[in-house]
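Visitor: Would you be able to build a 3D model of this:
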Amino acid sequence: MTSTNDMPAPFAKLGTRALVVLTLVNMFNYIDRYVVPPLFESLRNDPVMRHPSDAQLGGLMTAFLVVYMVTSPLFGTLGDRMSRMRLIAFGVALWSLATAIGGLVGSFAALFVARAAVGIGEAAYGTISPAVLADYFAPTTRGRIMSIFYCAIPIGSALGYVLGGTVDSNFGWRAAFFIAGLPGLLLALLAFTVPDPPRGLWDEDPRATPGPTQSKFAFALHAYGALARNRTYVLTCAGLAAYTFALGGIATWLPSFLERTRGVPHAQASSVPGVILVVTGFVGTFAGGWLGDTLLARSRQAYLWLSGIATLAATPIAVLVFTAPSPAVFWSATVVAEILLFASTGPINATTVNVVSPTMRATADLLHPSAGRRAVAAAHRRHLGRLLAWRGRARRACGGVYVRRALALRRPDRRPCRAARGVTRRGDPVRPPSQNPTHRRDARPSAQNAATTAVSTSIV
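Guide: Residues are numbered from 1 along each chain as shown. The predicted structure follows:
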């Protein structure tokens, strides 16, 4: 394994710089992604947009996710063969421009295309960044490094909600796209200046990327076959897919749900969950990364055990979050549940880069934590607005999926189907939203519904 003294200059001294730049980029990644849901009600009431339906509004997020999923294999393969930092800079510039263009569109169809283009840019970034960080830092510190990197997810998601709601209330929804997108162009220039480290720099027997005699198609087939045979990798992806299946779309529709069903003011429905998300995400992610690296000295399975146990411990508390009638109990349970859920972020993502070959890390990351689990979320995101009103079944589904994800991560030798089987089969018969007696604009605001973003946004 490479020692610090053997690391080629200038890579030995640039790890911190790369971490700071990529973490900032990751934060704006999620700001640009989650600036959209708080704008749904304004888009619905804008005559220029021709009053889009819930299915059309949900389609804005689905378009992004589907394009992200389709283009991720391309960029994942390119990331294992080309200059990764140049691909990242290209992706950041593309999604930032696409986000800003969203404020100039003159029709809903044009906005749909702009949001789809955001998916292309984020695919070029999201599948490559963890592989770059893995080559800058030793395996024994990757839990903490990934925790810092992924701490940008809750912060960026929360800022997206707050930014979208606040700017929309004061300057209109178009200004929100401008403010969210344009700063990313500066980050693209900054990312372009970060050197791309040699692949496998910190790993035993690092291998060079495939030479010109091996075609991209042959390399991709080899990489996907190797990943499919990697049991730990497959089960980790399966557990996270089950986790995201129930929670992914809730993050998209929560602000609209709070406004329509609970009568929560627009700014509050977008900002309050975000404040909680920032604090708990920061504490939980850092604590999990530090604890995972500490326990790794005692067990090679420490990352997986920590993720599974933390998720299992969060399960009963998360159910209490969705059912507690008292605001005091609700808010306390929300904080504890989120800290436990975020504790697995760093360890589980460090596991991904540790268990695959250095020459396949970008390819591996297109499935974990990116396109693989987001593809599941995309399949139902358009129609989740109806499910949000069916609260009894939604609570049971969320509670069950926490358990399934924890079991998948705790036992890496279990079959993937055990982690994803029957996620939403259980639950009592429910009524459609039109028959819900609380479906009124003047209904009493409920803190119980505001926390859903805090336990779901950062996972998507």
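Visitor: Tell me how many other residues surround A328.
Guide: Applying other Cβ atoms under 10 Å, we find 9 residues neighbouring A328. C-betas here are computed from N, CA, C, even on glycine.
Visitor: and it, what element?
Guide: Assessed by DSSP states H and E, A328 sits inside helix 327-342.
Visitor: pull the CA atoms of that helix into PDB?
Guide: The C-alpha trace of helix 327-342 is given here as PDB (Å, rounded to 0.1, in the frame of the first residue of the first chain):
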ATOM      1  CA  PRO A 327     -45.400  18.300  19.200                       C
ATOM      2  CA  ALA A 328     -42.800  17.900  22.000                       C
ATOM      3  CA  VAL A 329     -42.600  14.200  21.400                       C
ATOM      4  CA  PHE A 330     -42.700  14.700  17.600                       C
ATOM      5  CA  TRP A 331     -39.800  17.100  17.500                       C
ATOM      6  CA  SER A 332     -37.600  15.100  19.900                       C
ATOM      7  CA  ALA A 333     -38.200  11.900  18.000                       C
ATOM      8  CA  THR A 334     -37.400  13.700  14.800                       C
ATOM      9  CA  VAL A 335     -34.000  14.800  16.000                       C
ATOM     10  CA  VAL A 336     -33.000  11.400  17.300                       C
ATOM     11  CA  ALA A 337     -34.300   9.500  14.300                       C
ATOM     12  CA  GLU A 338     -32.500  11.700  11.900                       C
ATOM     13  CA  ILE A 339     -29.200  11.500  13.700                       C
ATOM     14  CA  LEU A 340     -29.300   7.700  13.700                       C
ATOM     15  CA  LEU A 341     -30.300   7.600  10.000                       C
ATOM     16  CA  PHE A 342     -27.500  10.000   8.900                       C
END
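Visitor: what helices or strands is that helix leaning on?
Guide: Helix 327-342 sits against helix 266-296, helix 302-323, helix 447-450, with contacts defined as 3 or more Cβ pairs under 8 Å, 6 or more residues apart in numbering; DSSP states H and E.
Visitor: Mean pLDDT lowest where, among those?
Guide: Of all the helices and strands packed on helix 327-342, the minimum mean pLDDT falls on helix 447-450 (a mean of 32).
Visitor: check which helix or strand covers R260.
Guide: In this structure, R260 sits in helix 231-262 according to DSSP H and E.
Visitor: And the helix holding A328, what's buried?
Guide: Burial within helix 327-342, assessed by neighbour count using 16 or more other Cβ atoms under 10 Å, is assigned to 330-331, 333-342.
Visitor: Tell me which two in those residues are the farthest apart.
Guide: Within those, F330 and F342 form the most distant pair, 18.4 Å apart (Cβ to Cβ).
Visitor: can you count the residues close to N170?
Guide: Under the criterion other Cβ under 10 Å, the count of neighbours that N170 has is 10.
Visitor: ok, so what distance separates it from S271?
Guide: The gap separating N170 from S271 is 13 Å, by Cβ to Cβ, to the nearest Å.
Visitor: what's near enough to touch the closest residue to L341 other than its chain neighbours?
Guide: What sits nearest to L341 in space, not counting adjacent residues and going by Cβ to Cβ, 6 or more residues apart in numbering, is A314, at 5.0 Å. A314 makes contact with 336-337, 340-341, 402 under the criterion Cβ atoms under 8 Å, 6 or more residues apart in numbering.
Visitor: okay, these in a markdown table with pLDDT and distance to P52 next?
Guide: Listed next are the contacts of A314 as a markdown table, based on pLDDT from 0 to 100; distance: Cβ to Cβ, whole Å:
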| residue | pLDDT | distance to P52 |
| --- | --- | --- |
| V336 | 88 | 38 |
| A337 | 83 | 33 |
| L340 | 87 | 37 |
| L341 | 81 | 32 |
| Y402 | 45 | 33 |
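Visitor: Which of those residues sits closest to G91?
Guide: When those are ranked by distance to G91 (Cβ to Cβ), L341 comes first, at 27.7 Å.
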